Structure formats: C-alpha cells, structure tokens
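Trainee: Got a sequence here, can you model it:
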Amino acid sequence: MPNLPSRPTSVLRVAAAAVLSVGVAASMQACATPTPEAGDSTASPTASAPATGSGATTDAPSPTASKSKDGAQTGSADPILRGERQIVLRPVASFESILAVDDKGRLNLTDGDTDKSLFVLLPAGGSKYQIRTAKAQKSGEPDCMGLRDNGSAPATVVATACDSSRAGQLFVIEKTEKKDEGRPTYTIGGEGKVYLRATDGQGLTAQRVGEGDAGEGLTFDFVDNGAAPAGPGD
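Mentor: Okay, the predicted model is just below:
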C-alpha cells in the first residue's frame with residue numbers, strides 16, 4: 001500500500017515552502033539594493049547647480065544682441081535728425097515761402113524753386129546741429145549756415161565754409177508740441193539765445209524771443225526730399 005502522507009503533514013510542508021520562498025525573495029531584494037553610505041545623503045553641488053554649458057550660454061545675451069538693441073534705439077530716431085535725409089526748411093507761418101540761399105549768400109525766404117533750398121542737418125552733439133547745403137556750392141563743397149552779427153540790426157544767417165568748431169554754425173533744434181500737416185514742428189536757436197524767425201517784413205533773421213512780435217515766425221517744419229547726398233568725408 002502506498003505510503004501517503006497524512007493531510008496535516010502536507011499542509012505543514014506547503015506552508016514551510018511558502019515561508020522559505022518569501023525569505024529567499026526578501027534576501028535577494030536586499031542584495032539588489034545597495035546600502036547607502038553616509039556621504040550619499042548630501043546632494044552633489046555639480047548635480048544640483050544650474051548647468052554652465054550650452055544652456056547657460058543660450059540664456060545670456062550675446063554681444064551681437066546688445067549691438068542690435070543699441071541699433072534699435074538709434075534706429076528709432078528721426079532719420080532727418082540723423083543727417084540721412086535732405087530737406088526743405090519751411091516756415092510754418094508762411095503760406096508758400098521756403099528757405100533758400102540767395103545770390104548774396106544769405107539764407108532767406110523765397111517763393112520759387114531753387115537748387116539752393118535743400119539742406120542736411122548734421123548732428124553735432126546733444127540737440128545741436130550744423131545746417132549744411134545738400135549740394136556743393138561755388139567752392140566745390142557744401143556750405144554751412146552761420147550767424148552774422150549786424151550790430152544793432154537783427155542778426156542774419158549766411159552761407160559759409162563748414163567749421164563745426166565755430167559756435168555761430170551750431171544751432172539748437174527743439175521739437176514743439178504742435179504739428180503742421182502731420183509733420184513735427186521745430187524751433188531753431190543759435191548762439192546768444194537767438195532764434196531763427198521768418199517774417200514777410202524782414203525775411204529770415206535771428207532774434208531773441210520777445211524782440212519784435214513775440215513768437216511770430218519762430219517755428220519750422222522739415223519737408224523730406226529723399227536721401228541725403230554724401231558730403232565731404234562720408
């Protein structure tokens with residue numbers, strides 16, 4: 001007769017086998033997981049700090065980007081005031097007159113077309129500018145406008161050889177709050193706190209504000225006539 005184990009004995013053997021299996025599995029898991037050392041509990045500075053490689057370089061502004069920013073600021077300025085355009089100087093109070101250099105070399109009012117009515121504003125630092133003729137004159141080079149002292153009579157503006165070291169050739173151009181036909185308007189001041197003033201009676205003169213009819217003829221607008229031609233040294 002076969003020797004068959006009794007039921008209680010079989011149950012015990014199965015339970016023992018199960019316990020043994022659990023123990024082996026736990027032992028294997030413990031062997032697979034490395035025991036942490038004391039030094040591993042502190043995070044590595046290299047691992048936790050931001051990378052200093054390509055990622056940081058991408059976020060930092062490059063020299064080219066900085067130049068572009070400066071260029072954008074410069075580009076936002078009026079090209080007329082950067083000396084890049086040739087313009088007609090038009091007195092706002094005048095119906096049709098513009099400014100031109102006459103046969104005597106004086107900057108004055110004219111109602112007709114002339115090749116001596118185009119000018120370029122050359123920046124000279126701050127809000128100061130030279131007013132240069134767009135075209136070459138008899139000397140073969142452009143002239144610049146300068147103040148002429150006429151004693152007790154109002155000063156006038158005349159064409160002369162360009163020299164930025166002469167204070168009489170430096171004019172302060174300031175934008176006013178008013179516009180004319182959609183264009184900004186400006187006052188043009190000269191040495192000695194005088195302002196260019198255009199009136200039908202005296203033409204273009206340079207006077208202190210308050211002399212004569214205060215405020216009359218003091219504003220001008222600049223009519224764009226295309227790209228400025230190259231000047232000496234450009």
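Trainee: Across the sheet, point out what pairs with the residue nearest to residue 183 when sequence neighbours are not counted.
Mentor: With sequence-adjacent residues excluded and distances taken as Cβ to Cβ, 6 or more residues apart in numbering, residue 183 is closest to residue 221, at 4.5 Å. The C-beta positions use only the backbone N, C-alpha and C, and glycine is treated the same way. Legend: beta-bridge partners of residue 221 under DSSP bridges are residue 90, residue 185.
Trainee: Just give the closest residue to residue 143, not the sequence neighbours.
Mentor: residue 159 (3.9 Å).
Trainee: I'd say the one you found and residue 107 touch.
Mentor: Yes. Counting by Cβ atoms under 8 Å, residue 159 sits close enough to residue 107 to count as a contact (6.8 Å).
Trainee: Find residues that contact each of those two.
Mentor: Residues within reach of residue 159 and of residue 107 at once, by Cβ atoms under 8 Å, 6 or more residues apart in numbering, are 101, 145.
Trainee: With neighbour numbers in mind, choose between the two.
Mentor: Set side by side, residue 159 and residue 107 show unequal neighbour counts under other Cβ atoms under 10 Å, the larger going to residue 107 at 28 against 23.
Trainee: Show me the strands in the protein, by range?
Mentor: Listed in chain order, the strands of the chain (DSSP state E) span 85-91, 98-101, 107-110, 119-123, 128-133, 143-150, 153-161, 171-180, 183-190, 194-199, 203-208, 219-227.
Trainee: Please name every helix or strand in contact with the fifth one.
Mentor: Taking 3 or more Cβ pairs under 8 Å, 6 or more residues apart in numbering; DSSP states H and E as contact, the helices and strands that strand 128-133 lies on are strand 119-123, strand 143-150, strand 171-180.
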